[in-house]
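> sequence unknown, structure follows:
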């Protein structure tokens, strides 16, 4: 037991010794590590101190360099300010010298002004003594004389300007009217009272005539027109003063040509169909007139239909719708040249005679009736006023409206365009017929006047030398000294007449 206790104490002592030895070894290791860390920290601190010292030296050098630069700049600015200050002092000295010189000149000028005033007073006194007039009296006399001379010169110049202006206005107006006439004289709105129906071949002609002329007689009795059949062209000429009758007759003949069967029954059927479709034709005529004048606004059916009816009316031998279109185009030309509203002017010209297509229920004056009719259907008031004013029954409200009477007369008063001298024209027509119907080879001749010319239709016997025959007709008419041209249409035929 003692041995075991001793062993335990000895083991504990040995263990404690070993622990102390191990502890001392570890403590020495820790001390060495601590010394290493301290030396590293001291080395790093030395390095940082050296770097900080270097950086501090660099910054100090930069500050010193900047201070030297600032010091040099300040010295330069100080020298510049000294130089500027010296310059200002010099300028001030010059200004004082210039001011002294100006004061001296001002004094001299004042002395001169006083001398001039004194000389002026002496001169005025001398002039008053010489002219025996005071200064105010002489001044008033001179001003009055200048005023009179100026007034006379102004009046003379005004007269010259008025003459030049009147001449220029006359020249300009003549130029505008001539321009409008030159652009429209190729399509005058005359009505020849003839409507042509071309034929593809001559096979329709005997069917149209019928046995013993029954079909042609039925057509003339039913349609109230006259027919002239040309075999050489071939074509059918429809003659009547009533434009509506000519149109219905043409539509009837065209339907008969399509059916290729001509009897009294088919003639009446074709006539009934033509009558039923005539209103559509009238409306289409109105729309064509609106399109030709470039009218874009939508209009009620009644206005379009009434406008189309003008195509089947004549005024002293002049087609009313063609006349209206012609006036509209002239109005557009003149309005454009004068800087007015061209579209409005054309509409005024197109509608100016629309009252001629209305019944007497609208009034006896076609101008006022046209105005009332247009106002009822909501047409622009300026256009309605232009329609009413084109014969002076109302005062025109616009410059465009004042153009209508001018263009209306331009269209209507060209030589021969209207039947203003009807007896003279009738005598010339009769003269043409009488001078040609007795010529050799002439079977019959028939003439009518077409506004500014005479249409002469001559039926002649077939012959070989047609050129000599035409020359003989021409020479005969030339000998009559007719003042208007004559258009000759030849029809070759036999001795029997239709």
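Great, that's in hand. Only a predicted model underlies this, so the values are computations on that prediction, with no experimental measurement involved.
> So for stretch 381-399, mean pLDDT?
Across stretch 381-399, pLDDT averages out at 89.
> typo on my end, stretch 135-147
80.
> Pull the distance from it to the chain's centre.
Computed by Cα atoms, centre = their mean, to the nearest Å, the chain-centroid distance of stretch 135-147 equals 58 Å.
> residues in contact with that stretch?
For stretch 135-147, the surrounding residues in contact (Cβ atoms under 8 Å, 6 or more residues apart in numbering) are 124, 127, 128, 131, 133. Where C-beta positions appear, they are placed from N, C-alpha and C, glycine not excepted.
> Which residue is the nearest non-sequential neighbour of residue 354?
In space, and not counting its chain neighbours, residue 354 is closest to residue 370: 4.5 Å by Cβ to Cβ, 6 or more residues apart in numbering.
> ok, the one you found touching residue 351?
Yes - between residue 370 and residue 351 there is a contact under Cβ atoms under 8 Å: 6.7 Å.
> anything in contact with each of these two?
Joint contacts of residue 370 and residue 351 (Cβ under 8 Å, 6+ apart) are residue 387.
> out of these two, which sits in the more crowded spot?
A side-by-side neighbour count of residue 370 and residue 351, using other Cβ atoms under 10 Å, places residue 351 first with 31 against 28.
> Tell me the spacing between the residue lying closest to the more buried one once chain neighbours are set aside and residue 319.
What sits nearest to residue 351 in space, not counting adjacent residues and going by Cβ to Cβ, 6+ apart, is residue 387, at 5.6 Å. Remark: distance between residue 387 and residue 319 (Cβ to Cβ, to the nearest Å) = 19 Å.
> likewise residue 64?
114 Å.
> ok, these two, which is more surrounded?
residue 319 (23 against 10).
> mind showing which ranges of the stretch 351-498 of the chain have poor pLDDT?
Scanning the stretch 351-498 of the chain for pLDDT under 70 picks out 413-425, 449-453, 463-465, 483-484, 492-498.
> could you pull out the helices for it?
366-376, 381-389, 399-412, 422-437, 466-479 (DSSP state H, counting those that start in this stretch).
> what do you get for the chain?
2-131, 135-184, 204-209, 214-223, 243-259, 264-292, 301-309, 320-338, 342-351, 366-376, 381-389, 399-412, 422-437, 466-479 (DSSP state H).
> tell me the most buried of these?
Highest mean neighbour count of the helices of the chain: helix 342-351, a mean of 26 (counted as mean count of other Cβ atoms under 10 Å).
> Which elements pack onto that helix?
For helix 342-351, the packing partners by 3 or more Cβ pairs under 8 Å, 6 or more residues apart in numbering; DSSP states H and E come out as helix 320-338, helix 381-389, helix 399-412.
> Make JSON lines from those and add distance to residue 24 to it.
Shown next, in JSON lines, are the helices and strands packed on helix 342-351 (distance: least, Cβ to Cβ, whole Å):
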{"stretch": "helix 320-338", "distance to residue 24": "129"}
{"stretch": "helix 381-389", "distance to residue 24": "131"}
{"stretch": "helix 399-412", "distance to residue 24": "132"}
